[in-house]
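# sequence first, then the predicted structure, then my questions.
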Amino acid sequence: MARDVILDLQHNVPGAATAAIVRLSTGRDVVWLDVDGSFHKGALSAAASHVIATAATTARTKGLPLVTQMESSGADIVEGIAALHGWGTAAKALADCSGVVPTISIVTGPAVSGPALLIGLSDFVVMTEDAYAFVSGPTMVAEFTGIAVTTDELGGATTHARHSGAASVVVTDLEAATVWVEELLEYLPSNVDELAPMMPTDDDEGRATPEAGDLIPEISTGSYDVREVISSIADDGIYMEMKPRWAGNVVTAFAHLAGYPVGIVANQPIALAGTLDIPASQKAARFVAFCDAFNIPVLTLVDTPGFYPGKDLEWRGMIRHGAQLVFAYARATVPRICVILRKSYGGAYIVMDSKKMGNDLCLAWPWAELAVMGAGQAAAILQRNATPDERAAFEADYSERLLNPYIAAERGFIDAVIDPADTRREICAALHMLRDKREKLVSRKHDNTPL
């Protein structure tokens, strides 16, 4: 794709890295950093790392998104400690960009050792199909563990898209990656001091969306694709999903509603019944934190029976990682709208941006179920010694009295119970109302995010 160079940065510095302020075909200006794999396999000398640091500093001080095209075998072995020192300088400059300007990495070849960690600092990572990234390569893995593994198995694009979550998307080549970056930037501001650009649309913000409610199965255990709900309410049915192959039990996506860019977090019933596990918590928390950093309203679509149970998850730190999602929502100051589509049980009810977590508007569809647990689970605990008929009667009574949104509405935990056909209209009206929302931040050096 054509990129018009406005100003070269550190133009005469030798090495694999070059940088410039460029104008994309969409008219957006960005700092474009290129680490060229054809030059000494992209090895990062001290000079090349200085170019990276300069590009990051320029992006941060000029308020421009930073886009990095990466192909690198790591720090230059020939230079030794000087190359490592340069890498540290580059890493510090990239870390300083966090929360100030959006950072996007395009990996079109290897990103090994230090460069792999550099892309890990980015907000979004695009990998081409033949790209790979890892901190320790197959040789080191075999030497230390005795397990032979291929490059693709260890750090191929598919691996990072499905298993590690490092890749936001996998595309065919650099041209497709550039198109993806240009599309992404339509939802993002250039820096923290700006609002994301409005997107003109002919889609009526009062358009009825009965098809969204029609997606919900009649039985509570039935599944459906929540992406169809997102498509139903979004402007022109268009949305851009992030990390679609990783943690499929939660969907994170950008869309426009009434022209406003919005970040959407939605439980996905067709994957693990929409339960929350460690990857889903991490994926949603990272996305909410990004939206909050860059002034993008967050819309949460809730349909989850709770956290996924299991010894393995608990041993791997479900508490810590579940707390990441709690923390991300609790500290978010952007406009926050929650719509409970069906189930909202237990701890998952709390963490999916419940009213007491500080959302600005909480809506529910008429058949929404809000409770500590479902009727069957409650019966298993409270009626464990009862006869089957007694348990059935208990479940029916429990469902009628407690599993409805009106009890929560009476107590102020839900602002309104709405017809699904009115969902788009209500959300758009809320976005207009909340466009000037401001909150006073807590005075502190910085928070301590659960990791």
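Yep, that arrived. Treat the numbers as computed from the prediction; the structure is a model and nothing was measured.
# where's the residue nearest the centre of the chain, which helix or strand?
The residue lying closest to the centre of the chain (Cα atoms, centre = their mean) is residue 287, at 2.9 Å. Using DSSP states H and E, the element containing residue 287 is helix 278-293.
# which strands and helices lie in contact with that helix?
Packing partners of helix 278-293 (3 or more Cβ pairs under 8 Å, 6 or more residues apart in numbering; DSSP states H and E): strand 250-257, strand 260-267, strand 298-304, helix 318-331. Using the backbone N, CA and C atoms, a C-beta is placed for each residue, glycine as well.
# right, and the ones you listed - which one's nearest residue 405?
Residue 405 sits nearest to strand 298-304 of all those, at 11.3 Å, using Cβ to Cβ.
# centre of the chain to the closest one, how far?
Distance, stretch centre to chain centre, for strand 298-304: 13 Å (Cα atoms, centre = their mean, to the nearest Å).
# neighbouring strands for it, and are they parallel or not?
strand 260-267 (parallel), strand 336-345 (parallel) (DSSP bridges).
# can you pull the contacts of the residue nearest to the centre of the chain?
242, 252, 263, 265 (Cβ atoms under 8 Å, 6 or more residues apart in numbering).
# residue 421 too?
Applying Cβ under 8 Å, 6+ apart to residue 421 gives the contacts 208-210, 212-213.
# quick one: secondary structure of it?
helix (DSSP: H, G, I helix; E, B strand; the rest coil).
# just the C-alphas of stretch 350-368, formatted as CSV.
Only the C-alpha atoms of stretch 350-368 are listed here, as CSV (Å, rounded to 0.1, in the frame of the first residue of the first chain):
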residue,chain,number,x,y,z
ILE,A,350,-19.8,-8.7,39.0
VAL,A,351,-16.8,-8.7,36.8
MET,A,352,-18.7,-8.2,33.5
ASP,A,353,-19.2,-4.5,34.3
SER,A,354,-22.1,-4.7,36.7
LYS,A,355,-23.8,-1.6,38.0
LYS,A,356,-21.9,-1.6,41.3
MET,A,357,-18.6,-1.9,39.3
GLY,A,358,-19.4,1.6,38.1
ASN,A,359,-21.0,1.4,34.7
ASP,A,360,-23.0,4.4,33.5
LEU,A,361,-26.0,2.5,32.2
CYS,A,362,-27.1,-1.1,32.8
LEU,A,363,-29.8,-2.6,30.6
ALA,A,364,-31.4,-6.1,30.5
TRP,A,365,-33.5,-8.0,28.1
PRO,A,366,-36.8,-9.3,29.6
TRP,A,367,-35.6,-12.9,29.9
ALA,A,368,-32.3,-12.0,31.6
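# for that stretch, buried residues please.
Residues of stretch 350-368 classed as buried by neighbour count (16 or more other Cβ atoms under 10 Å): 351-355, 357, 359-365, 367-368.
# which of those residues sit farthest apart?
360 and 367 (23.6 Å).
# would you turn the strands paired with strand 298-304 into JSON lines with mean neighbour count?
Formatted as JSON lines, the strands paired with strand 298-304 follow (neighbours: other Cβ atoms under 10 Å):
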{"stretch": "strand 260-267", "mean neighbour count": "25"}
{"stretch": "strand 336-345", "mean neighbour count": "25"}
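# got a list of what residue 301 touches?
Residues in contact with residue 301 (Cβ under 8 Å, 6+ apart) are 226, 229-230, 264-267, 339, 341.
# comparing the strands paired with strand 298-304 by mean pLDDT, which bottoms out?
Note on these: lowest mean pLDDT is at strand 336-345, with a mean of 94.
# grab the CA positions of that one and hand them over as CSV.
Output in CSV follows, covering the C-alpha atoms of strand 336-345 (Å, rounded to 0.1, in the frame of the first residue of the first chain):
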residue,chain,number,x,y,z
ARG,A,336,-19.5,2.3,30.0
ILE,A,337,-22.8,0.6,29.0
CYS,A,338,-23.8,-2.9,29.9
VAL,A,339,-26.5,-5.0,28.3
ILE,A,340,-27.4,-8.3,29.9
LEU,A,341,-28.6,-10.5,27.1
ARG,A,342,-29.4,-13.7,29.1
LYS,A,343,-27.4,-15.2,31.9
SER,A,344,-25.4,-13.3,34.5
TYR,A,345,-24.5,-15.4,37.4
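# just the contacts of residue 421 now: which is nearest residue 122?
Taking Cβ to Cβ as the measure, residue 122 lies nearest residue 212 of these, at 33.6 Å.
# using CSV, write down the CA coordinates of stretch 306-320.
What follows is stretch 306-320, C-alpha atoms only, in CSV (Å, rounded to 0.1, in the frame of the first residue of the first chain):
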residue,chain,number,x,y,z
GLY,A,306,-19.9,-17.9,35.6
PHE,A,307,-16.3,-18.7,35.8
TYR,A,308,-15.1,-22.0,34.3
PRO,A,309,-14.5,-24.5,37.2
GLY,A,310,-11.4,-26.7,37.4
LYS,A,311,-8.3,-27.5,39.5
ASP,A,312,-6.0,-26.7,36.6
LEU,A,313,-7.4,-23.2,36.2
GLU,A,314,-7.2,-22.5,39.9
TRP,A,315,-3.6,-23.7,40.1
ARG,A,316,-2.7,-21.6,37.1
GLY,A,317,-4.0,-18.5,38.8
MET,A,318,-7.7,-18.0,38.1
ILE,A,319,-7.8,-15.6,41.0
ARG,A,320,-5.1,-13.4,39.8
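# in that stretch, what counts as buried?
Neighbour-count burial for stretch 306-320 [16+ other Cβ under 10 Å]: 306-308, 313, 318.
# again, but for stretch 18-30
Those would be 18-22, 24, 28-30, for stretch 18-30 by 16+ other Cβ under 10 Å.
# can you pick out the most distant pair from these?
18 and 28, at 19.8 Å, using Cβ to Cβ across the buried residues of stretch 18-30.
# need the contact list for residue 50.
Here residue 50 is in contact with 10, 13, 86, 89-90 (criterion: Cβ under 8 Å, 6+ apart).
# residue ranges with poor pLDDT in the stretch 151-300 of the chain?
For the stretch 151-300 of the chain, applying pLDDT under 70 flags no range at all.
# if you set the cut-off to 90 instead, what comes out?
218-221 (pLDDT under 90).
# that one: helices as residue ranges?
With helices called from DSSP state H, counting those that start in this stretch, the stretch 151-300 of the chain shows them at 151-155, 157-159, 174-185, 210-214, 226-233, 278-293.
# nearest to residue 192, of the ones you listed?
Closest approach to residue 192 among these (Cβ to Cβ): helix 278-293, 6.6 Å.
# okay, now residue 79: neighbour count?
Look at residue 79: counted by other Cβ atoms under 10 Å, it has 18 neighbours.
# so what's the backbone phi/psi at it?
phi -80, psi -20 (degrees, to the nearest 10).
# which one is it nearest to, not counting chain neighbours?
With sequence-adjacent residues excluded and distances taken as Cβ to Cβ, 6 or more residues apart in numbering, residue 79 is closest to residue 45, at 5.5 Å.
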